[in-house]
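**Q** fold the following for me, if possible:
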Amino acid sequence: METLAQFGPGGGPGPWILFVPLVWAAVAIGVGTLLRRTVWRGRRGPWHSGPAVDERSPIAVLGRRFAAGEIDEDEYWRRLSVLDAEFGRTATGGKGGAH
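**A** A predicted model of the protein is given here:
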């Protein structure tokens, strides 16, 4: 242990001591990435102030079906107007009603 503290010819850690902070930075980035991809996936963070959208709501299901190409745009707007009248819109800033 005493030889690690001695700098000079043949003693001490040398330039490899700079590698230790890089290893800790890589560990921190790896843990953050792992948490973001597993535990925090699909959750809204504390920085998001908008209302939470229920993924199982009829309007969300309709939006996913439209995005997947299962229904066309006319059918989407027609069904959205019916759902909007019955359930109301939870998201702000969207278009309401049929076009």
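**Q** next secondary structure element downstream of the longest helix seen in the chain?
**A** Counting by DSSP state H, the longest helix found in the chain is helix 19-37. Sequence order places helix 58-68 as the next helix or strand after helix 19-37, per DSSP states H and E.
**Q** which neighbouring elements make contact with the helix or strand just after that following helix?
**A** Next in sequence after helix 58-68, counting helices and strands by DSSP H and E, comes helix 73-87. Secondary-structure packing of helix 73-87 (3 or more C-beta pairs under 8 Å, 6 or more residues apart in numbering; DSSP states H and E): helix 58-68. For every residue, glycine as well, the C-beta is placed using N, CA and C.
**Q** got the buried residues for the helix it packs on?
**A** Residues of helix 58-68 classed as buried by neighbour count (16 or more other C-beta atoms under 10 Å): 59, 62, 63, 66.
**Q** from these, which is closest to residue 14?
**A** Nearest to residue 14 among these: residue 63, at 59.1 Å, using C-beta to C-beta.
**Q** report pLDDT for that closest one.
**A** Per-residue pLDDT puts residue 63 at 88.
**Q** got any ranges where this protein has weak pLDDT?
**A** Residues of the chain that meet the criterion pLDDT under 70 lie in 1-13, 40-53, 88-99.
**Q** circling back: so can I have JSON lines of the buried residues of helix 58-68 showing distance to residue 39?
**A** What follows is these, written out as JSON lines (distance: C-beta to C-beta, whole Å):
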{"residue": "59", "distance to residue 39": "27"}
{"residue": "62", "distance to residue 39": "29"}
{"residue": "63", "distance to residue 39": "26"}
{"residue": "66", "distance to residue 39": "30"}
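**Q** what's the farthest-apart pair in those residues?
**A** 59 and 66 (10.6 Å).
**Q** shared neighbours of these two, anything?
**A** Common contacts of residue 59 and residue 66, defined by C-beta atoms under 8 Å, 6 or more residues apart in numbering, are absent altogether.
**Q** distance of residue 19 relative to residue 25?
**A** Note on residue 19: its distance to residue 25, by C-beta to C-beta, to the nearest Å, is 11 Å.
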